[in-house]
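In: coords please:
(chains A, B, C and D)
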Number of protein chains: 2
Amino acid sequence: MAKKAKVSIATVSRVINHPDRVKEETRRKIYKAMNACNYVYNALAGGLSTKRSHAIGILIPNITNPIFSESTRGVQDFAGEKGYYVISVNTDYVYEKEKKLVNVLRERQVEGIVLTTNKPEGEIVERLVKDRFPFVLTYSFPRNPKVAFVGVDNIQGGNKAIEYLIGLGHRRIGMIALSFSLSDRSYHRWLGYKRCLKKYGIPYNPDLIIQTEYTFEKGKEAIKLLMRNPDPPTAIFCSNDILALGAMNGLSDMGKMIPEDVSIIGFDDIPFSKFVKPPLTSVRQPAYDMGWKATEVLFELIPKKRVHHSKHRILLDTEVVVRQSCMPLKRGK
Amino acid sequence: MAKKAKVSIATVSRVINHPDRVKEETRRKIYKAMNACNYVYNALAGGLSTKRSHAIGILIPNITNPIFSESTRGVQDFAGEKGYYVISVNTDYVYEKEKKLVNVLRERQVEGIVLTTNKPEGEIVERLVKDRFPFVLTYSFPRNPKVAFVGVDNIQGGNKAIEYLIGLGHRRIGMIALSFSLSDRSYHRWLGYKRCLKKYGIPYNPDLIIQTEYTFEKGKEAIKLLMRNPDPPTAIFCSNDILALGAMNGLSDMGKMIPEDVSIIGFDDIPFSKFVKPPLTSVRQPAYDMGWKATEVLFELIPKKRVHHSKHRILLDTEVVVRQSCMPLKRGK
DNA sequence: TTGTACGCGTTATCAC
DNA sequence: GTGATAACGCGTACAA
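Out: Numbers count the residues shown, from 1 in each chain, chains lettered A, B, ... in the order given. Below you'll find the model as predicted:
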């Protein structure tokens, strides 16, 4: 190494970390030598010594889903500002993958993880708290008050959607949901749905619920099934916008008008939702902020200062953003 | 460390790498000790020793753009299969960020980079080839035959779009492009546009071109500007789908019908394009495959076996996928 | 089959 | 100001 070629060894380290603590002359000498042998700093070795990898991990179901890419960007931006980099992995909603990937991340010595899991009460989370490993959950809400969380209250979100629909006069309200076993978010939204019906004294009808997978096509199929009902719903709540878009598509295949024939409300409010025809009414989830804030919380956790836990449970507001896919129920229907 | 608590030190390493080369008994003893002190393997330290980080980097403008999240997924999947993980960073189309982030990645000791840059002839790439650092370019095509590339021919893609429009009878064809200084992809698509016009003897009219930024809103603004032309275009080529979606939106604001009043063709064919009304005709770019194959090539490069360069320039096919946003020009227009 | 000892590229702690 | 030198946690001969 050309370091020695000129002079020292530990002085190089100083040049890198405290350039001012080195005489101007030797400093320049070292700089010159450095790009003579086109030296690049080895952050891994540095981390080995410091025991700080300057890396965090983010674990999501699928980066391809706009809601997740949005929140990922939030964590990347916050981490980037702190000089951290982020390793992102996809779990495709399968728990085994989650488990494996959390381990991979830990082996990579990430200092913390922003985690989205279907089972916030599962062994993964349990293990993490047992090991006192810094992490914060997003999207899925943990009952355990000891684990940090940033996200929205999905029950409330589901509630808001139905409240809105009922306010419009609808009483036969269907729901197309991401399979509960795949997503507890979806499950919670359904809970909100059910509770709201109850509140208004509307009987719950399981025939009006379909659980399916996360694709446009499935949304399309689902709506067709739903409309085949002898007494079909006049409004549909979809547990995410992708499903909603699929449903709209299916509806127009069937020659139905939105919102004249049936109202549709989605969840997430992904950017594309406002660009379909009619623009989709949806329960907004502030994804970017969620990622950003989750990372903020994570960085408070990493030094392990025992901060008040209350500070670590951030519930962001959902909001139904009204566009044109819903309308008041027509009389006589 | 509990390793010693029981027995050895380097044997632990063997247990990890060659479990079979260790006596059943001691092996189990070590396993037990490992999760007694809930040991996690330190992949960074391992890498330091091996000089292989088992990491690659991916550098893209913005993970939030569906086309990039799609290709990112492709590289993640391929890398994951090889036991590699990927660090992904966003450059927001700014060259200084690209430069800085490539360095960050190298300091992290990534073994290679899947790189999307606006300036495939710029100093970043030059430096990388000079250092013989493994990397493959995506999206933007490099003239330098020494650098690996996986992507589409954007000139050809632009050409196909215009060819299609002309085939439909259009002659006054506008273009809404991502600013050339921001994206050479956009520039190349415009080149294809221009050449195709020339081929058919249609005069090039700069008033029909707008360069703008990558947002729905900008697309919306752009189309309004374009339609204000005394002799407005009958068809518009948008250099990406986001812009196209914005344009469609703007058009309907103006009370124009698509495709009756004006035809729109996009580029990328992001998943959402088929869900707008009318479904968008677009030049398809196989993003997932691009990411996947780019990583495949990268892994051939990493061992530095001097493979034939020809093998390292993969041009995937574009294809105009016809939907319903374009129609033949009506007589008398 | 298992242990010793060195090296990987840094940082940190002392001396000089 | 600067230079030795011991970690950091792991691979890998080489020896036992």
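
In: who's in contact with residue A:150?
Out: Applying Cβ atoms under 8 Å, 6 or more residues apart in numbering or on different chains to residue A:150 gives the contacts A:136, A:137, A:138, A:290, A:293, A:294, A:297, A:314, A:316. The C-beta positions use only the backbone N, C-alpha and C, and glycine is treated the same way.

In: apply 10 Å and report the result again.
Out: A:71, A:74, A:114, A:136-139, A:141, A:289-298, A:312-316 (Cβ atoms under 10 Å, 6 or more residues apart in numbering or on different chains).

In: which among those residues end up buried?
Out: Listed as buried from the contacts of residue A:150 are A:71, A:74, A:114, A:136-139, A:141, A:289-298, A:312-314, A:316; burial here means 16 or more other Cβ atoms under 10 Å in any protein chain shown.

In: which of these fall in strands?
Out: Among these, the members found in strands (DSSP state E) are A:114, A:136, A:137, A:138, A:313, A:314, A:316.

In: residues touching the last one, list them.
Out: Residues near residue A:316 by Cβ under 10 Å, 6+ apart: A:150, A:151, A:152, A:153, A:284, A:285, A:286, A:287, A:289, A:290, A:293.

In: could these be laid out in JSON lines, adding secondary structure, pLDDT and distance to DNA strand C?
Out: Shown next, in JSON lines, are these (DSSP: H, G, I helix; E, B strand; the rest coil; pLDDT from 0 to 100; distance: Cβ to the nearest atom of the strand, whole Å):
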{"residue": "A:150", "secondary structure": "strand", "pLDDT": "97", "distance to DNA strand C": "31"}
{"residue": "A:151", "secondary structure": "strand", "pLDDT": "96", "distance to DNA strand C": "36"}
{"residue": "A:152", "secondary structure": "strand", "pLDDT": "95", "distance to DNA strand C": "40"}
{"residue": "A:153", "secondary structure": "coil", "pLDDT": "93", "distance to DNA strand C": "42"}
{"residue": "A:284", "secondary structure": "strand", "pLDDT": "97", "distance to DNA strand C": "44"}
{"residue": "A:285", "secondary structure": "coil", "pLDDT": "96", "distance to DNA strand C": "40"}
{"residue": "A:286", "secondary structure": "coil", "pLDDT": "96", "distance to DNA strand C": "38"}
{"residue": "A:287", "secondary structure": "helix", "pLDDT": "97", "distance to DNA strand C": "35"}
{"residue": "A:289", "secondary structure": "helix", "pLDDT": "97", "distance to DNA strand C": "34"}
{"residue": "A:290", "secondary structure": "helix", "pLDDT": "97", "distance to DNA strand C": "33"}
{"residue": "A:293", "secondary structure": "helix", "pLDDT": "97", "distance to DNA strand C": "30"}
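
In: now, which of the residues you listed sits nearest chain B?
Out: Closest approach between those and chain B, by Cβ to the nearest Cβ: residue A:287, at 9.8 Å.

In: ok and the residue in the stretch 101-250 of chain A nearest DNA strand C?
Out: Closest to DNA strand C within the stretch 101-250 of chain A is residue A:109: 12.9 Å, counting by Cβ to the nearest atom of the strand.

In: for that residue, what are its contacts?
Out: A:44, A:47-48, A:51-55, A:57, B:40-45.

In: of these, which count as buried by neighbour count?
Out: Buried among those (16+ other Cβ under 10 Å): A:44, A:47, A:48, A:53, A:54, A:55, A:57, B:40, B:41, B:42, B:43, B:44.

In: hmm, which two among the residues you listed are most spread apart?
Out: In the buried ones among the contacts of residue A:109, two members sit farther apart than any others by Cβ to Cβ. They are A:54 and B:41, at 19.0 Å.

In: if we can go back for a sec, also within reach of DNA strand D: list those from the contacts of residue A:109.
Out: Contacts with DNA strand D within those, as defined by Cβ under 7 Å from any atom of the strand: A:48, A:51, B:41, B:42, B:45.

In: which one of the residues you listed is nearest residue A:118?
Out: Using Cβ to Cβ, these come closest to residue A:118 at residue B:41, 26.1 Å.

In: look at the nearest residue to that closest one once chain neighbours are set aside and say how many residues are nearby.
Out: Leaving aside its sequence neighbours, residue B:41 sits nearest to residue A:107 (Cβ to Cβ, 6 or more residues apart in numbering or on different chains; 4.8 Å). Residue A:107 has 16 neighbouring residues, counting by other Cβ atoms under 10 Å in any protein chain shown.

In: could you measure from residue A:107 over to residue B:78?
Out: Per Cβ to Cβ, to the nearest Å, residue A:107 is found 20 Å from residue B:78.

In: what do you get for residue A:320?
Out: For residue A:320, the distance to residue B:78 (Cβ to Cβ) stands at 40 Å.

In: where does the stretch 201-333 of chain A dip in pLDDT?
Out: Low-confidence segments of the stretch 201-333 of chain A, defined by pLDDT under 70, span residues A:304-310, A:331-333.

In: show me what contacts residue A:183?
Out: Contacts of residue A:183 by Cβ under 10 Å, 6+ apart are A:61, A:93, A:116, A:118, A:139-140, A:154, A:177, A:189, A:211, A:214, A:239-240.
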